[in-house]
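[1] quick check, what structure comes out for this input:
(one chain, ligands or ions: 1)
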Amino acid sequence: MSEKPRVLVTRRLPDNVETRLKNDYRPDLNPDDKLYPGDELVARSAGVDAVLPCPTDKMTADVINGLDDSVKVIATFSVGHEHIDSQAAAARGITVTNTPDVLTDATAEIAMLLILGAARRAAEGERMIYDQTWGAWAPTGMRGIEVTGNRIGIVGMGRIGQALAERARGFGMDVHYHNRSRLPADKEKGATFHEDLDSLLAVSNILSVHCPSSPETVKLINAERLAKLPDDAIVVNTARGNVVDDEDLIAALKSGKLFAAGLDVYDGEPNIHPGYRELTNAFLLPHLGSATRETRDAMGFRALDNLDAFFAGKEPPDRVV
Ligand code: DGY
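    Model (predicted):
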């Protein structure tokens, strides 16, 4: 290719990433950070060589099929890639890449924050400050659940699950996990493997979800599974919103079956189930998992590393399709 490849960038990206894009490519940037609906993505793809989308871009089969023939690669600014119809991309011979590894620590930090916030009633406490309802200190007031020395169950022991386990060990927690396959000892680091999810649920005082969204994991955490947790358990989700059944989780939080939940991701976000706002025992964040300056730069650079490899005729390091 004699000219620099043209890249459709669907969202405003960190300055350092846009600088590199301008240097190495001909980017169509989105300085107003406006969300492009599917038909606009299709229209804007005319003549571009690559698309650099985000999880907010629903690249359905219709959108993929509508992309200009010039589009050869989609490098998403995310590790999750369920927003891109992989079958449609494969059928059109479009390569798809993601950004693994670089957001592992940032996401594990948010999972730990959610565990602590949910267990120690941080949202409720903060509201007391703002609502000026903080009364006198009381021996029985605002008692939460101690995280230190408690037992955590991790569903999905990939990179982020393992990074959370590392942090949990720092709190003296007893780490249990369920995964498609057992990890080797150097990665398991003494954690207890449960081949069966139900067996993990039965011992998880704190359950943290780290599996990707897929047809097999949609509403994985539903009423039937929540009922298998010990009473007073805490559920944390930093994976994808649709892995949890909102109605069932809200019911378990309302009934007192669960002590609390800590959530960073939601089905249909940012339009979350309104029931969450009525709860006092939910610590809710707006999908902040990867939101650090360091990680967002690293995600952009990783997407560009993939484009660099692709346009140099090499195998992109993070090819998923
Ligand atoms: C991802 O990369 O999939 C994350 O959800 C973004 O925070």
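[2] quick one: mean pLDDT for stretch 150-158?
    What stretch 150-158 shows for mean pLDDT is 98.
[3] and if you look at stretch 291-300?
    Over the span of stretch 291-300, the pLDDT mean works out to 98.
[4] now do the SS call for Phe283.
    Per DSSP: H, G, I helix; E, B strand; the rest coil, the secondary structure class of Phe283 is strand.
[5] now do the residue nearest to it when sequence neighbours are not counted, the pLDDT please.
    Distance criterion Cβ to Cβ, 6 or more residues apart in numbering; nearest residue to Phe283, sequence neighbours excluded, is Gly117 at 3.8 Å. Using the backbone N, CA and C atoms, a C-beta is placed for each residue, glycine as well. pLDDT recorded at Gly117 is 98.
[6] how close does Gly117 sit to the ligand?
    18 Å (Cβ to the nearest ligand atom, to the nearest Å).
[7] repeat that for Ser255.
    30 Å.
[8] contacting residues around that residue?
    Listed by Cβ atoms under 8 Å, 6 or more residues apart in numbering, Ser255 has no contact partners.
[9] C-terminal to the strand or helix carrying the residue nearest to Phe283, what's the next element?
    Taking DSSP states H and E as the criterion, Gly117 maps to helix 104-119. Remark: after helix 104-119, the chain's next helix or strand is helix 122-131, criterion DSSP H and E.
[10] for Ala239, which non-adjacent residue is spatially closest?
    Val209 (4.9 Å).
[11] check what pLDDT that neighbour gets.
    Per the predicted model, pLDDT is 98 at Val209.
[12] one step back: contacts only, for the residue nearest to Phe283.
    123, 262, 283.
[13] for the host helix or strand of Ser199, buried residues please.
    Assessed by DSSP H and E, Ser199 sits inside helix 197-203. For helix 197-203, a neighbour-count test (16 or more other Cβ atoms under 10 Å) marks 197, 199-201, 203 as buried.
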